[in-house]
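Undergrad: Show me the folded form of this:
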Amino acid sequence: MNVLTPLLALTILAAACAADPPAKDKPARKPNFTVSRETTYVTGPLDKDGCVDYATAIDERLGKGVTPETNANVLIWKALGPRPLGGKPMPAQFFKPMGMDEPPEKGEYFVDVRPFVRDRLGIEDREQFSAAFERIYPLTHEPWKVEDHRQIAEWLKSNEKPLNLVVEGLNRPHYFAPVYRGGDEPTVDLVTAYFARTSAALELTTALAVRGMLRVGEGKPADAWPDLLACQRMGRYVGRGVSLIEALVGFRCESIGQRATEALLERPELDARQLARFLRDLRALPPIPLVSDHLEIGERFVALERFTIAIRGGSDTVNALTRGAIHLPPEVDIDWNRALRNMNAYFDQMGAALRHKDRGKRQREFDRIEAELQALEKARGEDGGKSGKGRLGAGAAKRDVGESIVDILTALTLPAVRKIQEAYDRTEQGHQNLQIALASAGYQRDRKKYPETLEALVPKYLEKLPDDLFTGKPLIYKPSENGFLLYSLGPNGKDDDGRGPGDNPKGDDVAIRIPVPKPKNK
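TA: Numbering: from 1, shown residues only. Prediction:
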């Protein structure tokens, strides 16, 4: 998956939700809307001001049926400690919903590579520091040996115990990460909450992949498999959080594990029986959480919570919420009930579009919603001078203001949702490609050559062959003398000869190539 895709989408989402809570010297306003299924979507729990406590509502849904003994996240946080990645301490109330005590200040916790290079290795020179850090990413998918990168090996050795604890945790059946609560505000900024609890997952996944590639480089690919499978389990588990941000981080974690696993395919130390076990492990992974699930509750709750903050904060907060697209004078009266109902209606439409299994139908439905929003934006700009360049001011009816806020926020969110669904499709396609590649490698171990066609894998190595998720047609498979090229046409639906976003020239295909191409700088 292209690294830029999640970063761009995160930027869009953060901008869409970038409103400040009411200033502490200003009293929060009492809600002037009705709490109901049609407006606030959930009717409780309520805070002291009568507004829905969305953070607690999320925790109640995600934590249902999860115990400290079955929750992977309990062991992950025991490996991270109270200050993830050396940052600010997590508040005690963060750990309480998981049924665990706050980890003690001192312990054998995971240390990110940055402070390790700086503090434990004593490297302060900027160029040396950058060089040490930049060695990390290629080692997530390239086998290596201790003598090649002694500093990285020392970093992994110092993290052996916490990483083993993470792998143990990821073998648990559930994952529950409560919403981060960092202050005494009446509502919790859910966007900030999701950022706070996902960065550590990426760092842990990177370390596991690097350790796996060290074991491959040492000629122990079977020993690498638990770490590489854990990377992919991390992706599935982090993705169980309700936000689109967590979905993106989950996709990224899984893509790291997928690419690292490709390095196992041509290792002569692995026989057909071991490869078949790896394939069974992949097939037994929990499903990748659907984007529609994140949207239906998580992002819906984020948007509704931001509205709550805006209502309490008054016109200044509304102006910030819409990034200046709406400029309200103080004390303007807004029909918030109508706005909230419209917002839920848009989320219902986007959720219905995402649930279309046919990608073409899904795209057409999103095109329709986007065209509707563009028409509304155009109408706002042609209102006879009341709004001026699409900005609604005091001359607009209170009903129009509320509706327009919803339209603007939905227009900001929609492109991100489409991008994230595309990232989901690429991740799922990569998962399916990897299963076929493992089956092909098992075939090669048994018959000393790769299959001439994918149909030769059925039924001994695969029950059935999946189609290309993006075209609905068979995947493209090109065998060679000592390997193969397997690929999907990707989101653009064009045959780029197996070239993906990271190739030169770039393409849009989702591919696996054996032999794995060697880095050009080696």
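Undergrad: which intervals of this protein have sub-threshold pLDDT?
TA: Along the chain, the parts satisfying pLDDT under 70 run over 1-31, 120-121, 123-126, 128-133, 180-197, 310-333, 380-402, 519-522.
Undergrad: Which segments of it make up each domain?
TA: Domains of the chain are assigned by automatic domain parsing as 4-292, 314-418, 423-514.
Undergrad: Looking at those, which is nearest to Arg300?
TA: Among the domains of the chain, the nearest to Arg300 by CB to CB is domain 314-418 (4.6 Å). Heads up, the C-betas are built off the backbone N, CA and C, glycines and all.
Undergrad: what would the domains of the chain look like in CSV with distance to Arg300?
TA: Below are those laid out as CSV (distance: least, CB to CB, whole Å):
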stretch, distance to Arg300
domain 4-292, 6
domain 314-418, 5
domain 423-514, 18
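Undergrad: how about TSV for the ones you listed, with mean neighbour count added?
TA: Formatted as TSV, the domains of the chain follow (neighbours: other CB atoms under 10 Å):
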stretch	mean neighbour count
domain 4-292	19
domain 314-418	17
domain 423-514	18
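Undergrad: all helices of the stretch 301-450 of the chain, in order?
TA: Using DSSP state H, counting those that start in this stretch, the helices of the stretch 301-450 of the chain run over residues 315-321, 336-354, 359-381, 398-447.
Undergrad: Now render the ones you listed as a markdown table, adding distance to Asn71.
TA: Below are the helices of the stretch 301-450 of the chain laid out as a markdown table (distance: least, CB to CB, whole Å):
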| stretch | distance to Asn71 |
| --- | --- |
| helix 315-321 | 34 |
| helix 336-354 | 27 |
| helix 359-381 | 33 |
| helix 398-447 | 24 |
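Undergrad: Could you work out which of those helices reaches nearest to Val510?
TA: Of all the helices of the stretch 301-450 of the chain, it is helix 398-447 that lies closest to Val510, at 4.6 Å by CB to CB.
Undergrad: Quick check: next helix or strand after that closest one?
TA: Scanning forward in sequence from helix 398-447 by DSSP states H and E, the next helix or strand is strand 476-480.
Undergrad: now the angle from whichever helix or strand comes after that next one to strand 476-480?
TA: Moving toward the C-terminus from strand 476-480, the next helix or strand (DSSP H and E) is strand 483-488. Using axes from the mean of the first three to the mean of the last three CA atoms, to 10 degrees, the direction of strand 483-488 lies 170 degrees away from that of strand 476-480.
Undergrad: pretty sure Trp336 is in contact with Thr308, am I right?
TA: No. Applying CB atoms under 8 Å as the test, Trp336 and Thr308 come out as separate, 9.7 Å apart.
Undergrad: how about the helices of the stretch 301-450 of the chain, which one is nearest Asn164?
TA: Of those, nearest to Asn164 by CB to CB is helix 398-447, at 24.6 Å.
Undergrad: Report the distance from the closest one to the chain centre.
TA: Relative to its chain's centre, helix 398-447 lies at 10 Å (CA atoms, centre = their mean, to the nearest Å).
Undergrad: Please renumber the chain so that the first residue is 3 from this point on.
TA: In the new count, where the first residue is 3, that last one comes out as helix 400-449.
Undergrad: of the helices of the stretch 303-452 of the chain, which approaches Tyr239 most closely?
TA: Closest to Tyr239 of the helices of the stretch 303-452 of the chain is helix 400-449 (CB to CB; 14.0 Å).
Undergrad: got the angle between that closest one and helix 361-383?
TA: Relative orientation of helix 400-449 and helix 361-383, computed by the same axes, to 10 degrees: 160 degrees.
Undergrad: in which helix or strand would I find the residue positioned nearest the centre of the chain?
TA: Closest residue to the average C-alpha location of the chain: Leu250 at 2.0 Å, with CA atoms, centre = their mean. When elements are assigned from DSSP H and E, Leu250 belongs to helix 246-264.
Undergrad: Would you confirm that the residue nearest to the centre of the chain contacts Ile422?
TA: Yes. Using CB under 8 Å, Leu250 is in contact with Ile422, at 6.2 Å.
Undergrad: Stretch 208-228: end-to-end distance?
TA: Using CA to CA, to the nearest Å, the end-to-end distance of stretch 208-228 comes to 14 Å.
Undergrad: Any idea how far that stretch is from the middle of the chain?
TA: On CA atoms, centre = their mean, the centre of stretch 208-228 falls 24 Å from the chain's centre.
Undergrad: cool, and stretch 58-76?
TA: How far stretch 58-76 lies from its chain's middle: 19 Å, per CA atoms, centre = their mean.
Undergrad: who's in contact with it?
TA: With contacts defined as CB atoms under 8 Å, 6 or more residues apart in numbering, stretch 58-76 is touched by 44, 46-47, 99-102, 171-181, 192, 239, 242-244, 299-300, 303.
Undergrad: Among the helices of the stretch 303-452 of the chain, which comes closest to Gly214?
TA: With CB to CB as the criterion, Gly214 lies closest to helix 400-449 of those, at 14.5 Å.
Undergrad: Just want the angle from the closest one to helix 338-356.
TA: Between helix 400-449 and helix 338-356, the angle comes out at 20 degrees (the same axes, to 10 degrees).
Undergrad: between helix 400-449 and helix 246-264, how many degrees?
TA: Per the same axes, to 10 degrees, the angle that helix 400-449 makes with helix 246-264 is 10 degrees.
Undergrad: Return the alpha-carbon coordinates of stretch 350-363 using PDB.
TA: Extracted C-alpha coordinates of stretch 350-363, given in PDB (Å, rounded to 0.1, in the frame of the first residue of the first chain):
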ATOM      1  CA  ASP A 350     -26.600   6.300   6.500                       C
ATOM      2  CA  GLN A 351     -26.000   6.900   2.700                       C
ATOM      3  CA  MET A 352     -22.200   6.500   2.900                       C
ATOM      4  CA  GLY A 353     -22.600   3.400   5.000                       C
ATOM      5  CA  ALA A 354     -25.000   1.900   2.500                       C
ATOM      6  CA  ALA A 355     -22.600   2.700  -0.400                       C
ATOM      7  CA  LEU A 356     -19.700   1.000   1.400                       C
ATOM      8  CA  ARG A 357     -21.700  -2.100   1.900                       C
ATOM      9  CA  HIS A 358     -22.000  -2.700  -1.800                       C
ATOM     10  CA  LYS A 359     -19.900  -5.700  -2.600                       C
ATOM     11  CA  ASP A 360     -19.700  -4.800  -6.200                       C
ATOM     12  CA  ARG A 361     -17.000  -2.100  -6.500                       C
ATOM     13  CA  GLY A 362     -18.600  -0.500  -9.500                       C
ATOM     14  CA  LYS A 363     -21.900   0.000  -7.700                       C
END
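Undergrad: what's that stretch in contact with?
TA: So stretch 350-363 is in contact with 292-294, 297-298, 364, 367-368, 371, 412, 416, 419, 423, 427, 471-472, 474, going by CB under 8 Å, 6+ apart.
Undergrad: Now do the closest residue to Asp409 other than its chain neighbours against Arg366, distance only.
TA: In this structure, Asp409 finds its nearest non-sequential neighbour in Leu378, 4.9 Å apart by CB to CB, 6 or more residues apart in numbering. Separation of Leu378 from Arg366 (CB to CB, to the nearest Å): 19 Å.
Undergrad: ok, now Ala443?
TA: Applying CB to CB, the value for Ala443 to Arg366 is 39 Å.
Undergrad: Just want the phi and psi numbers for Val512.
TA: phi -110, psi 110 (degrees, to the nearest 10).
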